[in-house]
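>>> return a 3D structure for these sequence lines:
(2 chains)
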Amino acid sequence: MFDFADFVDEVAREVAASVEPWRLRVGEAVARWSAEGVDVAPLEAALRLDRAPDVDSLLGDFERAVERARTPVAPAPVAPPPVAIPTQPAMPPRASLFDPESWVVEWSCVADFLVDDWS
Amino acid sequence: MPLVNYVTREITCKIVYYGPGRSGKTTNLRCIHEQLPTERTGRLVSLATEGDRTLFFDFLPVDLGVVAGFTTRFQLYTVPGQSYYAATRRLVLQGADAVVFVADSRRRQLDENVESFQDLHDHLASYGIDPRELPLVLQYNKQDLPREVAADPAELSELLNFRGVPEYAADALRGANVFETMRAACGAVLRRLAKPAQAA
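This next block holds a predicted model:
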């Protein structure tokens, strides 16, 4: 008769004997840092290594690199934004200033008024 | 290679039941499905069957839950045994972590067994897999039949087990040695976990 609990115990023994503790440590670090939004590519690359790296150094270096990246630095001097140069109003052509009075008189909306004022 | 994810702490292993048509591969999975606690197995999915013959494949997920800190799953597959489904067999075999070869003990099927065993090796070779590197378990099924009909395990072993892999004389209809076969395959897969290529 099949004993499921015994089977699971056997699987547990095999898993415990086969997994490598250093991969577990690196895997835990990957899970932790990736949950915080940190790029964990160097740690994932370490998981693919054939042999155990110096895990203490690996994790220590990685943690320090993350801290450095998170430390606020003095903002770099910011160049003032370029000043907006207002567009100059176009000057009327000199010819129109030559005889302004006649120019106004020819403007039908005001011509009568001006004539009256003068008279 | 078994898929081990050290980040999510999951282990997933694919075990393929291989063998000639009507040797009892689906019967093995049915027996496992019936005997395992219901909360540990998913549905036994049989894709496309004609009568009692598997035309595509069967699939049975077995979820052991968290074992030694890892969520551990076994995926059991069968292949269609008929010779004309070679493409399907090759497809199902892809990514297998272990193979259970279910041999039909009937004497008149001995040649079929050898042919299917050769077919297995051909497909593995097509994937660039050295058959000696892949965990293999042999099961001599239908040992309940009278001796004049069925070859005895020693005879089948002489015929098929030139690698000296674990072997079981079974009667899948009644469940004899079905779980022992599965356990041997699972154990062989898990003992290969400490290999670098599968780490994720």
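
>>> for the nearest residue to B:Leu47 once chain neighbours are set aside, give me its contacts.
The shortest distance from B:Leu47 to any non-neighbouring residue, by CB to CB, 6 or more residues apart in numbering or on different chains, is to B:Phe56 (4.1 Å). C-beta here means a position set from N, CA and C on the backbone, and glycine is covered the same way. Contact analysis of B:Phe56 by CB atoms under 8 Å, 6 or more residues apart in numbering or on different chains lists B:Leu47, B:Ala48, B:Pro80, B:Tyr85, B:Thr88.

>>> where does confidence bottom out across those?
When these are sorted by pLDDT, the bottom entry is B:Ala48 at 62.

>>> thinking again about what came up before, pick out the most distant pair among the contacts of B:Phe56.
Across these, the longest distance by CB to CB is 11.9 Å; it joins B:Leu47 and B:Tyr85.

>>> looking at these two, which one has more neighbours?
Legend: neighbour count by other CB atoms under 10 Å in any protein chain shown for B:Leu47 and B:Tyr85, higher for B:Tyr85 (18 against 12).

>>> would you list the phi and psi of the more buried one?
When read as degrees, to the nearest 10, the backbone of B:Tyr85 gives phi -100, psi 40.

>>> against chain A, how distant is it?
To chain A, B:Tyr85 is 30 Å away according to CB to the nearest CB, to the nearest Å.

>>> in space, what's closest to A:Ala52 - neighbours in sequence excluded?
Leaving aside its sequence neighbours, A:Ala52 sits nearest to A:Trp22 (CB to CB, 6+ apart; 4.2 Å).

>>> which single residue in chain A comes nearest to chain B?
Nearest to chain B, among the residues of chain A, is A:Gly27, at 3.0 Å (CB to the nearest CB).

>>> work out for me the element that residue sits within.
For A:Gly27, the element it lies in under DSSP states H and E is helix A:21-35.

>>> likewise B:Val137?
Element membership for B:Val137 (DSSP H and E) is strand B:136-141.

>>> which residues are contacting that strand?
B:19, B:23-24, B:27-28, B:98-105, B:151, B:153, B:156-157, B:160-161, B:163, B:165-172, B:177, B:181, B:184-185, B:188.

>>> partners of that strand, with directions?
In its sheet, strand B:136-141 lies beside strand B:98-104 (parallel), strand B:167-169 (parallel), with partners assigned from DSSP bridges.

>>> so which of those is the most surrounded?
Mean neighbours per residue, mean count of other CB atoms under 10 Å in any protein chain shown, is largest over the strands paired with strand B:136-141 for strand B:98-104, with a mean of 27.

>>> helix or strand right after that one?
Once the chain leaves strand B:98-104, the next helix or strand it forms, by DSSP H and E, is helix B:110-126.

>>> name the helices or strands packed onto that following helix?
In terms of contacts (3 or more CB pairs under 8 Å, 6 or more residues apart in numbering or on different chains; DSSP states H and E), helix B:110-126 is packed against helix B:86-93, strand B:98-104, helix B:153-160.

>>> mind redoing it with 10 Å?
Applying 3 or more CB pairs under 10 Å, 6 or more residues apart in numbering or on different chains; DSSP states H and E, one finds that helix B:110-126 contacts strand B:10-18, helix B:86-93, strand B:98-104, strand B:136-141, helix B:153-160.

>>> quick one: it to strand B:10-18, angle?
140 degrees (axes from the mean of the first three to the mean of the last three CA atoms, to 10 degrees).

>>> what's the angle between helix B:110-126 and helix B:86-93?
Put simply, helix B:110-126 runs at 60 degrees to helix B:86-93, going by the same axes, to 10 degrees.

>>> no further queries at this time; thank you.
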